[in-house]
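*Asks:* got a structure for you, letters missing:
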């Protein structure tokens, strides 16, 4: 298994380690609920160095990305970040990603850890159609540290040479933290204020230690993958491999806002047709009204016992203290207040549909 540059730090902190996308990653330190609530009230620090990042450069880099991503690249400019998807020829989602414009003809793509090789191969299939584009896989040379929570701006400001507290959402800047050069962005996967720090792998431990020390009086604590998952689910954010994959389209997944059909990206013709014909299913949220924890793969039934879908993500919400989840449901059920049932251990547990975010 691969190890991130922060592996020894997690061992030192007593983290429980698990295999995630081929990496040995911390799933929790003191416990998922405590870590989750601390991110919502104070701040948490996460190692997300398992994520992949590709640099794309050249005169045709923008044209290339306009073709392979579903959002509108022309809306970007240096210093801005965009959420997007890679789609295949059928309009299915190859991955979801962040696109950073780092220079006039230069971009950084941040992709899911489990899809690094697949995404690279997918992009190589189309890059030859563009004259001046070069790609570089910097995944192994870069560490990524996320600092998330309401107190994160105050913590990061203590270490930064620039004013980072006034940075707008989904922007990035090159700065230093504790005199170490980093790319700092106002992005995250928790729905809280926060930052993601991109730093050379050999400087990762120094940055982690500096942030931990700066956040000591603000209640900053390390958080693992389990809390990252419950935090994103309370906000209704998609997880690749659960809620989205190559058999689901951005329109079905509620990602129409990052699906600019007029740009002519790969698979957009199929998505135009899907939109014209009308969606048959949509990714939608639900809350259990009785005790129980919904899990991925559990059946969703209507009030006459017919199976109408499957849970794609589910958990016990640490904030709401009730079961919440996402599922692909027939369009008629994709609105607030519809009664459904989740089959948990052969019992049909009552639930009600709710458009995320849950908190």
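*Replies:* That came through fine. In this text, all values refer to a predicted model and were calculated from it rather than measured experimentally. Numbering: from 1, shown residues only.
*Asks:* most remote residue from the chain's center?
*Replies:* Taking Cα atoms, centre = their mean, the residue of the chain most remote from its mean C-alpha position is residue 304, at 35.8 Å.
*Asks:* torsion angles phi and psi at that residue?
*Replies:* phi -110, psi 10 (degrees, to the nearest 10).
*Asks:* for the helix or strand harbouring residue 122, name the packing helices and strands.
*Replies:* Assigned by DSSP states H and E, residue 122 belongs to helix 116-127. The elements that helix 116-127 packs onto, with contact taken as 3 or more Cβ pairs under 8 Å, 6 or more residues apart in numbering; DSSP states H and E, are strand 52-57, helix 61-68, strand 81-87, strand 93-103, strand 134-137. For the C-beta atoms, the positions are set from N, CA and C on the backbone; glycine is no exception.
*Asks:* and of these, who's closest to residue 322?
*Replies:* strand 93-103 (27.0 Å; Cβ to Cβ).
*Asks:* and that closest one with helix 116-127, angle?
*Replies:* Between the axis of strand 93-103 and that of helix 116-127 there is an angle of 70 degrees, by axes from the mean of the first three to the mean of the last three Cα atoms, to 10 degrees.
*Asks:* run a quick neighbour tally on residue 150.
*Replies:* Using other Cβ atoms under 10 Å, residue 150 is surrounded by 15 other residues.
*Asks:* all helices of the stretch 201-350 of the chain, in order?
*Replies:* Secondary structure of the stretch 201-350 of the chain, counting by DSSP state H, counting those that start in this stretch: helices at 204-214, 225-234, 268-277.
*Asks:* so which residues of the stretch 101-250 of the chain form strands?
*Replies:* 106-111, 134-137, 142-148, 172-177, 180-185, 194-200, 220-222 (DSSP state E, counting those that start in this stretch).
*Asks:* what's the closest of these to residue 340?
*Replies:* Closest among the strands of the stretch 101-250 of the chain, using Cβ to Cβ: strand 142-148, at 31.4 Å.
*Asks:* could you check the angle the closest one makes with strand 194-200?
*Replies:* Relative orientation of strand 142-148 and strand 194-200, computed by the same axes, to 10 degrees: 160 degrees.
*Asks:* going forward, the N-terminal residue is numbered 54.
*Replies:* Right, with 54 as the first residue, what we last looked at is strand 195-201.
*Asks:* now tell me what touches strand 195-201 from outside.
*Replies:* 57-59, 92, 96-102, 104, 106, 163, 208-209, 241-243, 245-254, 256-257, 260-261, 264, 268, 273, 276, 284 (Cβ atoms under 8 Å, 6 or more residues apart in numbering).
*Asks:* can you list the strands that that strand pairs with?
*Replies:* Next to strand 195-201 in the sheet, as set by DSSP bridges, lie strand 96-100 (antiparallel), strand 247-253 (antiparallel).
*Asks:* so which of those strands gets nearest residue 82?
*Replies:* strand 96-100 (9.7 Å).
*Asks:* got the angle between that closest one and helix 278-287?
*Replies:* Using the same axes, to 10 degrees: strand 96-100 against helix 278-287 is 120 degrees.
*Asks:* what angle sits between strand 96-100 and helix 257-267?
*Replies:* On the basis of the same axes, to 10 degrees, strand 96-100 is oriented at 170 degrees to helix 257-267.
*Asks:* run the chain-centre distance for strand 96-100.
*Replies:* 15 Å (Cα atoms, centre = their mean, to the nearest Å).
*Asks:* pLDDT of it, averaged?
*Replies:* Strand 96-100 comes out with an average pLDDT of 98.
*Asks:* mind listing residues that contact it?
*Replies:* 57, 59, 62-63, 78-79, 88, 91, 196-205, 208, 243, 247, 261, 264-265, 268, 271-277, 280-281.
*Asks:* kindly report the same for stretch 309-326.
*Replies:* By Cβ under 8 Å, 6+ apart, stretch 309-326 touches 119-126, 135-138, 140-145, 179, 302-304, 328.
*Asks:* try stretch 74-94
*Replies:* Residues from elsewhere that reach stretch 74-94 (Cβ under 8 Å, 6+ apart): 54-57, 60, 63, 66-73, 97, 100, 103, 165-167, 201-203, 243, 245, 272, 274-280, 283-284, 371-372, 412.
*Asks:* buried among the residues you listed? Make that a ChimeraX selection.
*Replies:* With 16 or more other Cβ atoms under 10 Å as the criterion, this ChimeraX line picks the buried residues out of those:
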select :57,60,63,66,68,70,73,97,100,103,165,166,167,201,202,243,245,274,275,276,277,278,279,280,283,284,371,372
